[in-house]
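Novice: this is a predicted model, with the sequence first.
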Number of protein chains: 2
Amino acid sequence: MERSLSIGEVARSAGVRPSALRYYERVGVLPSPERASGRRRYGGEVLHEVLRRLAVVRVAQQAGFTISEIRTLLDGFSEDTPPSERWRVLAQAKLPEVEALVERALGMKNLLERGLRCECLSMDDCDLIGKGALD
Amino acid sequence: MERSLSIGEVARSAGVRPSALRYYERVGVLPSPERASGRRRYGGEVLHEVLRRLAVVRVAQQAGFTISEIRTLLDGFSEDTPPSERWRVLAQAKLPEVEALVERALGMKNLLERGLRCECLSMDDCDLIGKGALD
DNA sequence: ATACTTGTTGAAGCACGCTTTAAGTCAAGG
DNA sequence: CCTTGACTTAAAGCGTGCTTCAACAAGTAT
């Protein structure tokens, strides 16, 4: 008999909540493990696969990918496509988006700081506000 | 008789949708104008005030403030507090948040680019994924 | 036997800033 | 008179990634 882990054990060892594992399974990011009396049992190859996928999910999320993009990363290519190429395809599509996010964030920071140096006594006079002068 | 604008006219001149104006009014960012046969009429001082506030809303949103923070910016200070000080108080609280956003975004960009240069043939070997090696 | 823990499911909830829908009102134009 | 168009309200919907709830089942400890 093969030793297998419960959902709680997998969750703990992966640092996520059981509800997240169930969610990932539901949306097709994780495989559906066997049930013993209705309960998920993660063992052998499935356990390995689940942990491998969770590792990918973590990095991909850090990189800004959505769940649906992660699903593509994991299952949207022909099996012989190496991970490096899968990533390249998706990352190239994602980069402009993330670069735009960087720009937006820097713009916010800039605006906040300009405001810190502002001395305006009335909103109407403020050059930050003045009719779109801040583009 | 004072000429006054309908919600559609105000919306067009401010570059927002009527639904946004109603929403802002509901959440207390805009004053509630008089109604003529049930319809909002924006005229005189109210019109001026609405346009002034919409200008503030625009900048504040660009700076990353939420609606609730904008409400504070507009109405959360004693009346004699100048705009520059109101902004300073809120911007100082917001800055760390926005700086964290910048860092997250730069981290994403970095990760995406590192992945573009990756040559890994298997996910398991990839140093981007390898057991948290990418913190 | 009985309580406690951990699990199961489907459905609903949260944050956020609006937008959209449903059902109805009103004034002007043909 | 009747259609058209812009407006009114309250309530629900959207996108995203889970979490939480309700109601129930099963294995373990006392």
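Specialist: On my side now, so go ahead. The shown structure was predicted, so the numbers you read here are calculated from the model rather than taken from an experiment. Residues are numbered from 1 along each chain as shown, chains lettered A, B, ... in the order given.

Novice: pick out the residue nearest the middle of chain A.
Specialist: Nearest to the geometric centre of chain A sits residue A:61, at 2.1 Å (CA atoms, centre = their mean).

Novice: what about the helices in chain A?
Specialist: Using DSSP state H, the helices of chain A run over A:7-14, A:18-26, A:44-62, A:67-75, A:83-116.

Novice: would you format the ones you listed as JSON lines with mean pLDDT and distance to chain B included?
Specialist: Using the backbone N, CA and C atoms, a C-beta is placed for each residue, glycine as well. Output for these, formatted as JSON lines (pLDDT from 0 to 100; distance: least, CB to the nearest CB, whole Å):
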{"stretch": "helix A:7-14", "mean pLDDT": "96", "distance to chain B": "11"}
{"stretch": "helix A:18-26", "mean pLDDT": "97", "distance to chain B": "16"}
{"stretch": "helix A:44-62", "mean pLDDT": "95", "distance to chain B": "5"}
{"stretch": "helix A:67-75", "mean pLDDT": "95", "distance to chain B": "9"}
{"stretch": "helix A:83-116", "mean pLDDT": "94", "distance to chain B": "4"}
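
Novice: with distance to DNA strand D added, can I get those helices in CSV?
Specialist: Output for the helices of chain A, formatted as CSV (distance: least, CB to the nearest atom of the strand, whole Å):
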stretch, distance to DNA strand D
helix A:7-14, 9
helix A:18-26, 3
helix A:44-62, 6
helix A:67-75, 4
helix A:83-116, 11
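
Novice: want to throw those into a markdown table with distance to residue B:78?
Specialist: Formatted as a markdown table, the helices of chain A follow (distance: least, CB to CB, whole Å):
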| stretch | distance to residue B:78 |
| --- | --- |
| helix A:7-14 | 50 |
| helix A:18-26 | 46 |
| helix A:44-62 | 44 |
| helix A:67-75 | 46 |
| helix A:83-116 | 19 |
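
Novice: contacts only, for residue A:122.
Specialist: B:82-83 (CB atoms under 8 Å, 6 or more residues apart in numbering or on different chains).

Novice: from residue B:18, how far off is it?
Specialist: Distance of residue A:122 to residue B:18, given as CB to CB, to the nearest Å: 28 Å.

Novice: who are the contact partners of the residue nearest to residue A:70 when sequence neighbours are not counted?
Specialist: Nearest residue to residue A:70 in three dimensions, chain neighbours excluded: residue A:60, at 4.7 Å (CB to CB, 6 or more residues apart in numbering or on different chains). Neighbouring residues of residue A:60 by CB under 8 Å, 6+ apart: A:69-70, A:73.

Novice: any chance of a markdown table for the residues you listed, columns neighbour count and distance to residue A:53?
Specialist: Listed next are the contacts of residue A:60 as a markdown table, based on neighbours: other CB atoms under 10 Å in any protein chain shown; distance: CB to CB, whole Å:
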| residue | neighbour count | distance to residue A:53 |
| --- | --- | --- |
| A:69 | 18 | 14 |
| A:70 | 24 | 9 |
| A:73 | 24 | 10 |
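
Novice: what number of residues lie near residue A:87?
Specialist: Burial of residue A:87 is recorded as 28 neighbouring residues (other CB atoms under 10 Å in any protein chain shown).

Novice: kindly apply the preceding question to residue A:97 instead.
Specialist: Neighbour tally, residue A:97, other CB under 10 Å: 11.

Novice: tell me the phi and psi of the closest residue in space to it that isn't next to it in sequence?
Specialist: Distances taken as CB to CB, 6+ apart place residue A:64 nearest to residue A:97, at 7.4 Å, with adjacent residues excluded. Phi and psi for residue A:64, reported as degrees, to the nearest 10, are phi 100, psi 0.
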